[in-house]
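Student: 3D, please:
(one chain, ligands or ions: 1)
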Amino acid sequence: IAQVAAQAFADVRESSELEALRVRFLGKKGELTAILKQMGKLSAEERPVIGALANEVRASIEDKIAAAAAALRERQMQEQIAQETLDVTMPGKRRPIGTQHPLSLVLDEIQDIFIGMGFSVAEGPEVELDYYNFEALNIPKNHPARDTQDTFYITENVLLRSQTSPVQIRVMEKQKPPIRIIAPGRVYRSDAIDATHSPLFHQIEGLVVDKGITMADLKGTLVTFAKTLYGQDAVLRFRPHHFQFTEPSCEMDTMCFACHGEGCRLCKGEGWIELLGAGMVHPKVLQNGGVDPEEYSGFAFGMGLERLVMRRYGIDDMRLFYENDLRFLNQF
Ligand code: PHE
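Tutor: Below you'll find the model as predicted:
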């Protein structure tokens, strides 16, 4: 048996073969076990001699199993190492890296400008209550000012916000002055899609509330912002306007940089391009936000991101922002 076993173990290639051999020699129905079962038939003198011999054979087989198993493991390891070798001289695969969307690119720039002036960034929900979108902003139910913003209603009191101004109220409710925030985000209006309209677009709201804030602070902040974004030589003007939630209200324009005020296609012949709406926060709006208008004053502004980006890069069709055409997007 010992000889046969020695021969058999030398040829082992797989761990399953090794297990089969273990069963063949040492298993319950194995060859050695069969011999040991015959022990009862031996004489009293023969039994210890044969017993000792059998133990020797068993020990030698167990040694062979262990040795074969070790050799097997070593060989498997070598094979694995050979397989996993990396050829570090092979040329790499270049992964295509995307570009930032022009809206994100300019929004990041705008945020940096305001953060540099001490503002922080706030957020509000896109599905908003009628109260925050209109009522708290001094636009009561049935007021004609609502008609200027064709609003998507979900229920009578819930809507898709038509402006980022509701964030003004939400911030004032949570935070005591001094307040200095911008609030960028999506807004929705039931407008037909064309080169300058989309039912979804982006606004950036701004709100500053503190003691002694005046129109001079509004002007200084917005001029600094626009000149940082468009260049120090940008020509700006403020025009009186009306918003329900600011008093007085204004709009800021920049002189058309395509025609320098002469009038062209970009500015629709006007020579000026409207950039944003702004004003001193209406005392009723401060009150609705839990701020005492006797003690504090503030200014607010709101601008359309798409328009700013179109002006920035000379893009004449808003639809390009949403169509995900890589020939357009890869230019930024
Ligand atoms: N919410 C106004 C709009 O969408 C813009 C605005 C914001 C005006 C803040 C004044 C103050 O037209």
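Student: My reading is that residue 52 lies in a helix. Confirm?
Tutor: Yes. Under DSSP: H, G, I helix; E, B strand; the rest coil, residue 52 falls within a helix.
Student: how near is it to residue 39?
Tutor: 12 Å (C-beta to C-beta, to the nearest Å). (Glycine included, C-beta is placed from N, CA and C.)
Student: Point me to the residue of the stretch 1-150 of the chain nearest the ligand.
Tutor: Nearest to the ligand, among the residues of the stretch 1-150 of the chain, is residue 149, at 6.9 Å (C-beta to the nearest ligand atom).
Student: and the stretch 151-300 of the chain, which residues reach the ligand?
Tutor: 163, 165, 243, 246, 277-279, 300 (C-beta under 6 Å from any ligand atom).
Student: show me the contacts for residue 198.
Tutor: 191, 306, 318-319, 321-322 (C-beta atoms under 8 Å, 6 or more residues apart in numbering).
Student: same thing but 6 Å
Tutor: Neighbouring residues of residue 198 by C-beta atoms under 6 Å, 6 or more residues apart in numbering: residue 318.
Student: And residue 277, its phi and psi?
Tutor: With angles defined as degrees, to the nearest 10, residue 277 sits at phi -110, psi 150.
Student: wouldn't it be in contact with residue 303 here?
Tutor: No. Contact between residue 277 and residue 303 fails when scored by C-beta atoms under 6 Å: they sit 7.5 Å apart.
Student: So for the two, which sits in the more crowded spot?
Tutor: residue 303 (25 against 21; other C-beta atoms under 10 Å).
Student: Bridge partners for that one, pull those for me.
Tutor: Legend: beta-bridge partners of residue 303 under DSSP bridges are residue 204, residue 276.
Student: so what's the residue nearest to residue 137 when sequence neighbours are not counted up against?
Tutor: Leaving out its chain neighbours, the residue that sits closest to residue 137 by C-beta to C-beta, 6 or more residues apart in numbering is residue 245, at 4.1 Å. Residue 245 sits next to 137-138, 282, 285 when contact means C-beta under 6 Å, 6+ apart.
Student: rerun at 8 Å
Tutor: Here residue 245 is in contact with 137-139, 165, 168, 279, 281-282, 285, 300 (criterion: C-beta under 8 Å, 6+ apart).
Student: repeat for residue 293
Tutor: Residue 293 makes contact with 283, 286-287, according to C-beta under 8 Å, 6+ apart.
Student: Which pLDDT value belongs to it?
Tutor: Each residue has a pLDDT score; the one for residue 293 is 97.
Student: Spell out the secondary structure type for it.
Tutor: Assignment for residue 293 (three-state DSSP): coil.
Student: For it, give its distance to the ligand.
Tutor: 16 Å (C-beta to the nearest ligand atom, to the nearest Å).
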